[in-house]
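Chemist: Take a look and give me a structure for this.
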Amino acid sequence: MTVALAQLAPTLAQVEIRDRSGDTGCVAENGAFCFGWAADNFDRYVTPTLEHLVLVGVSVTAGFAIAFALALLSHRRRWLVPPFIAGTGILYTIPSVAFFILLLPITGRGTMTGIIALTAFTLQIIYRNIMAGLANVPDGAKDAGRGMGMTRGQLLWRVELPLSIPEIVAGLRIATVSTVAIATLAFLAGAGGLGTQIVGQIDFRTNILIAGGICIAMAIVLDLMLMAAQRLLTPWESRRRLRRRAAPELADAISRAPA
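Modeler: Model prediction:
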């Protein structure tokens, strides 16, 4: 723990209480939002934003790969489900700040430490959603696949996984949005990201609003991208929604038709 705190000291030393004695106007008063300062200094947020995107993208991708492998392994061996849920649940319940600090003596300061912790936090969400999606596949669909002569592997890849996509993407959406938020603390591990910019001028409102606004915008954009990917991967869902919408109109038209 002493080693971890020693490694954390340079990060905490970055915290700056802004000296506004030489500033004028909105910046000196620390107004609600200083548009002039934001326009002149917006470039300082580019690098932290890119670092934040890398942290989120790599962590969610790695988390999905690990959770997907665990789900495939436990789908046929159901006795593995409880230990996998328990293990990923333990990782998920570790406080994020504590996780970063605990990893420092092992992996040191840097992006890899942040990615390891963030990946661990995604496993529970993604794994549970993949398993829920596989469990919710209708028995009729599986029976139809077996009737066509599909093997267990073909049934998994051609029937069960495609029909599980909505639940899988739902887990990815939750994991992505939560990772965007937790990644702001990755600066504690020296991984950069928007958290570095936030703590750099933690008492300056405009800085906090810009960095926080970028995080919110990032979460919304990534969520919309995953929603669009789900629609592309599940065209039958769009057709089903259209049929549901058309059914009342068709019934109404039939009722109004002359006898």
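
Chemist: which helices and strands does the helix or strand encompassing Thr61 pack with?
Modeler: Using DSSP states H and E, Thr61 sits in helix 46-76. Packing contacts for helix 46-76, counted by 3 or more Cβ pairs under 8 Å, 6 or more residues apart in numbering; DSSP states H and E, involve helix 81-93, helix 111-135, helix 161-182, helix 194-200, helix 205-233. (C-beta placed from N, C-alpha, C; glycine too.)

Chemist: need those helices in a markdown table with mean neighbour count and distance to Val46, can you?
Modeler: Shown next, in a markdown table, are the helices and strands packed on helix 46-76 (neighbours: other Cβ atoms under 10 Å; distance: least, Cβ to Cβ, whole Å):
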| stretch | mean neighbour count | distance to Val46 |
| --- | --- | --- |
| helix 81-93 | 14 | 32 |
| helix 111-135 | 23 | 17 |
| helix 161-182 | 20 | 17 |
| helix 194-200 | 22 | 10 |
| helix 205-233 | 15 | 10 |
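
Chemist: Turn those into a markdown table, columns for distance to Ser74 and mean pLDDT.
Modeler: Output for the helices and strands packed on helix 46-76, formatted as a markdown table (distance: least, Cβ to Cβ, whole Å; pLDDT from 0 to 100):
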| stretch | distance to Ser74 | mean pLDDT |
| --- | --- | --- |
| helix 81-93 | 5 | 94 |
| helix 111-135 | 7 | 95 |
| helix 161-182 | 14 | 94 |
| helix 194-200 | 34 | 89 |
| helix 205-233 | 23 | 93 |
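
Chemist: so which of those comes closest to Phe68?
Modeler: Closest to Phe68 of these, according to Cβ to Cβ: helix 111-135, at 6.3 Å.

Chemist: For the very next helix or strand once past that closest one, give me every contacting residue.
Modeler: Downstream of helix 111-135, the next assigned helix or strand under DSSP H and E is helix 139-147. Here helix 139-147 makes contact (Cβ atoms under 8 Å, 6 or more residues apart in numbering) with 154-155, 158-160, 163.

Chemist: Report the buried residues of helix 139-147.
Modeler: Of all the residues in helix 139-147, those buried under the rule 16 or more other Cβ atoms under 10 Å are 142, 145.

Chemist: got the CA coordinates for it in PDB?
Modeler: Listed in PDB are the C-alpha atoms of helix 139-147, where the atom choice follows Å, rounded to 0.1, in the frame of the first residue of the first chain:
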ATOM      1  CA  ASP A 139     -37.400 -23.300 -27.900                       C
ATOM      2  CA  GLY A 140     -39.300 -23.400 -31.200                       C
ATOM      3  CA  ALA A 141     -36.400 -21.700 -33.000                       C
ATOM      4  CA  LYS A 142     -33.900 -24.200 -31.600                       C
ATOM      5  CA  ASP A 143     -36.200 -27.200 -32.400                       C
ATOM      6  CA  ALA A 144     -36.500 -25.900 -36.000                       C
ATOM      7  CA  GLY A 145     -32.700 -25.800 -36.200                       C
ATOM      8  CA  ARG A 146     -32.400 -29.300 -35.000                       C
ATOM      9  CA  GLY A 147     -35.100 -30.400 -37.400                       C
END
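
Chemist: Any buried residues in the helix or strand following that helix, and which?
Modeler: Counting by DSSP H and E, the element after helix 139-147 in chain order, helix or strand, is helix 152-155. Across helix 152-155, burial judged by 16+ other Cβ under 10 Å covers Leu155.
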